[in-house]
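Q: heads up, no residue letters with this:
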């Protein structure tokens with residue numbers, strides 16, 4: 001068993017869990033070959049309010065740390081636990097079975113509550129247990145199971161013992177005497193991708209009512225991934241009108257201009273957003289204009305613009321009708337104003353997708 005560090009020369013670690021619970025200068029010393037491998041139960045502990053205790057006890061806080069360390073180390077040995085690491089007032093230990101780890105936590109909480117501390121202070125230690133299969137490396141355990149156990153330990157309060165679902169399932173039918181389990185529900189813990197179901201171990205004769213565990217509040221969680229309103233360099237189409245914002249003034253000017261002029265051209269450099277403002281701005285605005293029954297036709301002229309226009313304007317969309325209308329347009333472009341029976345009703349607006357032009361009649 002490793003000797004305790006000199007507590008008088010070491011300030012206690014704040015109660016929050018570190019971002020990397022594995023990294024420690026002492027961890028290589030505390031991780032010999034005897035570390036349990038395979039499925040193990042990990043225990044994280046630390047003193048709640050250690051800074052306040054230090055401020056109150058000053059130099060006598062060293063004896064508090066020493067007593068806590070000796071007490072916990074004795075129980076680790078009794079229940080075949082292995083001390084993986086310690087930092088200030090905290091411990092990281094591993095046990096070959098979940099029952100041994102839970103039994104150790106129960107005995108530790110009872111011993112801490114019964115111990116006589118200087119000036120009548122209470123030393124309240126929070127504990128978190130999780131069972132998994134971490135990788136055994138030369139520096140200790142590696143893997144998400146270690147981080148899960150650390151986050152569960154940090155989520156509790158002084159005197160509280162928390163278990164994950166996996167540990168619960170292994171001990172539910174083999175609990176230490178005078179203990180029971182309470183389901184606290186699912187909680188999202190810091191830096192973990194998925195919520196964990198957390199259980200509290202109630203120990204007869206010890207406090208069992210605690211504040212809510214330290215989980216991430218709903219308003220602190222990142223937003224649920226959804227449809228991004230920013231399309232980057234992708235073109236906006238008619239179906240994207242609800243995402244097309246920031247160009248309302250320009251769209252309104254186009255609508256006003258189209259109502260006054262027979263031809264409107266939207267001209268700009270390639271990639272400047274001409275097609276987007278026509279398709280996702282102008283056309284949806286015209287279709288939403290209850291005061292005018294705009295007839296909208298969208299087309300790409302291509303190599304044969306007259307045929308493309310005739311196909312768009314034809315009522316039934318058939319090739320024969322489009323061919324007749326194209327012939328009419330060649331003879332008399334004004335036929336597009338509906339002198340031909342094949343043409344759409346008045347106020348048709350052909351919108352060209354390449355050069356982004358609109359025409360109103």
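A: Good, I have the coordinates. In this text, all values refer to a predicted model and were calculated from it rather than measured experimentally. Numbers count the residues shown, from 1 in each chain.
Q: give the contact list for residue 119.
A: 56-57, 60 (C-beta atoms under 8 Å, 6 or more residues apart in numbering). From N, CA and C alone the C-beta is placed, and that goes for glycine too.
Q: So which of these wins on neighbours?
A: residue 57 (16 neighbours; other C-beta atoms under 10 Å).
Q: Quick check: it vs residue 199, distance?
A: Distance, residue 57 to residue 199, using C-beta to C-beta, to the nearest Å: 33 Å.
Q: do residue 306 as well
A: Taking C-beta to C-beta as the measure, residue 306 and residue 199 are separated by 76 Å.
Q: out of those two, which sits in the busier spot?
A: Neighbours per residue (other C-beta under 10 Å) separate residue 306 from residue 199, with residue 199 holding more: 23 against 14.
Q: where does that one land in three-state SS?
A: Per DSSP: H, G, I helix; E, B strand; the rest coil, the secondary structure class of residue 199 is strand.
Q: Was I right to think it contacts residue 163?
A: Yes - between residue 199 and residue 163 there is a contact at 4.6 Å, judged by C-beta atoms under 8 Å.
Q: Show me the common contact partners of the two, please.
A: Here residue 199 and residue 163 have residue 181 as joint contacts, going by C-beta under 8 Å, 6+ apart.
Q: May I have the secondary structure class of residue 282?
A: From three-state DSSP, the assignment for residue 282 is helix.
Q: Residue 45 belongs to a strand?
A: Yes - judged by three-state DSSP, residue 45 forms part of a strand.
Q: Could you measure from it over to residue 104?
A: Relative to residue 104, and taking C-beta to C-beta, residue 45 is found at 10 Å.
Q: Contacts for the helix or strand containing residue 152, please.
A: Taking DSSP states H and E as the definition, residue 152 sits inside helix 144-155. Here helix 144-155 makes contact (C-beta under 8 Å, 6+ apart) with 15-18, 21-22, 42-46, 92, 126-134, 162-164, 187, 189-192, 196, 198, 213-215.
Q: Any of the residues you listed buried? List them.
A: Applying 16 or more other C-beta atoms under 10 Å to the contacts of helix 144-155, the neighbour count classes 15, 17, 21-22, 42-46, 92, 126-132, 134, 162-164, 187, 189-190, 196, 198, 213-215 as buried.
Q: domain parsing for this structure?
A: Annotated domains of the chain cover 7-220, 238-359 [automatic domain parsing].
Q: avg pLDDT for the first one?
A: Within the predicted structure, the mean pLDDT of domain 7-220 is 87.
Q: and it, how far from the chain's centre?
A: Averaging C-alpha positions (C-alpha atoms, centre = their mean, to the nearest Å) puts domain 7-220 26 Å from its chain's average.
Q: circling back to that earlier point, could you list the buried residues of the helix holding residue 152?
A: Buried residues in helix 144-155 (16+ other C-beta under 10 Å): 145-155.
Q: any chance of those residues in JSON lines, with distance to residue 240 too?
A: Shown next, in JSON lines, are these (distance: C-beta to C-beta, whole Å):
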{"residue": "145", "distance to residue 240": "44"}
{"residue": "146", "distance to residue 240": "45"}
{"residue": "147", "distance to residue 240": "40"}
{"residue": "148", "distance to residue 240": "41"}
{"residue": "149", "distance to residue 240": "46"}
{"residue": "150", "distance to residue 240": "44"}
{"residue": "151", "distance to residue 240": "40"}
{"residue": "152", "distance to residue 240": "44"}
{"residue": "153", "distance to residue 240": "48"}
{"residue": "154", "distance to residue 240": "44"}
{"residue": "155", "distance to residue 240": "42"}
